[in-house]
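Student: sequence below, structure please.
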Amino acid sequence: MEVKIVDSQEEAAQIALDIFRETLDDGGRVFGFATGSTPEKTYEALVKSDLDFSEAIGVNLDEYFGLPSSHPQSYAQFMKEHLYSKKEFQNAFIPNGMNKDVASEIEKYDRILERNPRDLQLLGIGVNAHIGFNEPGTKFDTTTQLVELTDETINANKRFFESVEDVPTEAYSMGIKSIYDAKRIILMAFGENKASAIKAMIDGPVMEDVPASILQRHPNVTVILDQEAASEWQQPAEGAS
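Tutor: Numbers count the residues shown, from 1 in each chain. Here you go, the predicted model:
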């Protein structure tokens with residue numbers, strides 16, 4: 001796990017952009033995308049760049065259950081606004097939040113992931129160290145699932161809705177195994193409210209109560225943090241083993 005500490009989200013976005021460029025140059029064509037405020041500057045950088053995704057495939061981490069893709073707070077709408085309407089992709093996949101047949105949607109998305117193994121997955125992290133919408137206690141071997149969101153996650157997302165009552169309480173999400181199966185992972189975190197989760201992810205034991213801790217075992221993870229998110233993690237001294 002490589003950790004980079006930056007002074008701004010713009011600097012973080014440039015590091016992420018370089019990794020996207022390297023992945024494309026190495027022949028990568030399947031990219032996993034996250035939503036929320038954390039990756040917005042990265043998407044701005046991708047849009048402004050000369051990177052060509054016209055033969056690439058995008059695969060999204062998650063989608064709220066019960067929200068149509070046209071809803072302004074759906075993740076389908078987020079991706080359209082921030083990336084897919086501005087960069088051409090060969091294809092893009094997002095879970096169908098309106099599919100009430102949960103078993104069929106899970107099976108369909110698992111097939112999509114199997115047919116499109118990701119060369120690079122972009123992640124954020126929740127204040128409780130969730131990745132995707134995989135809350136603490138999620139088994140590490142999970143694939144796509146319908147997740148019941150914790151009160152902590154609902155409260156963290158209420159700023160995007162008119163009231164907390166409007167926040168969906170469930171979401172389709174790639175499981176932890178699905179996320180882990182990506183060949184390379186970027187995890188970004190900004191703000192002091194993420195500091196405890198980052199420390200637990202990097203330094204704590206690998207355990208299901210800290211979903212992101214599984215990334216300690218992944219062979220190719222880059223963690224990009226601002227100073228505030230890194231504030232509880234003690235960076236090893238240069239040359240220390």
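
Student: who's in contact with the residue nearest to residue 102 when sequence neighbours are not counted?
Tutor: Residue nearest to residue 102 in three dimensions, not counting chain neighbours: residue 146, with 5.0 Å by Cβ to Cβ, 6 or more residues apart in numbering. Every C-beta, even on glycine, is put in place using the N, C-alpha and C of the backbone. Going by Cβ atoms under 8 Å, 6 or more residues apart in numbering, residue 146 touches 65, 102, 105-106, 170-173.

Student: now the buried members of these.
Tutor: 65, 105-106, 171-173 (16 or more other Cβ atoms under 10 Å).

Student: farthest pair in these?
Tutor: 106 and 171 (12.4 Å; Cβ to Cβ).

Student: per-residue confidence for residue 186?
Tutor: Note for residue 186: predicted pLDDT of 98.

Student: that one: which element?
Tutor: Element membership of residue 186, judged by DSSP states H and E, is strand 185-189.

Student: same check, this time on residue 108
Tutor: Judged by DSSP H and E, residue 108 forms part of helix 102-115.

Student: which helices and strands sit right next to that helix?
Tutor: strand 145-148, strand 170-173 (3 or more Cβ pairs under 8 Å, 6 or more residues apart in numbering; DSSP states H and E).

Student: nearest to residue 207, of those?
Tutor: It's strand 145-148; of the helices and strands packed on helix 102-115, that one is closest to residue 207 (Cβ to Cβ) at 18.4 Å.

Student: contacts for the next helix or strand after the closest one?
Tutor: Of the helices and strands lying after strand 145-148 in sequence (DSSP H and E), the nearest is helix 151-157. With contacts defined as Cβ under 8 Å, 6+ apart, helix 151-157 is touched by 126-128, 130, 133, 135, 149, 164, 167, 169.
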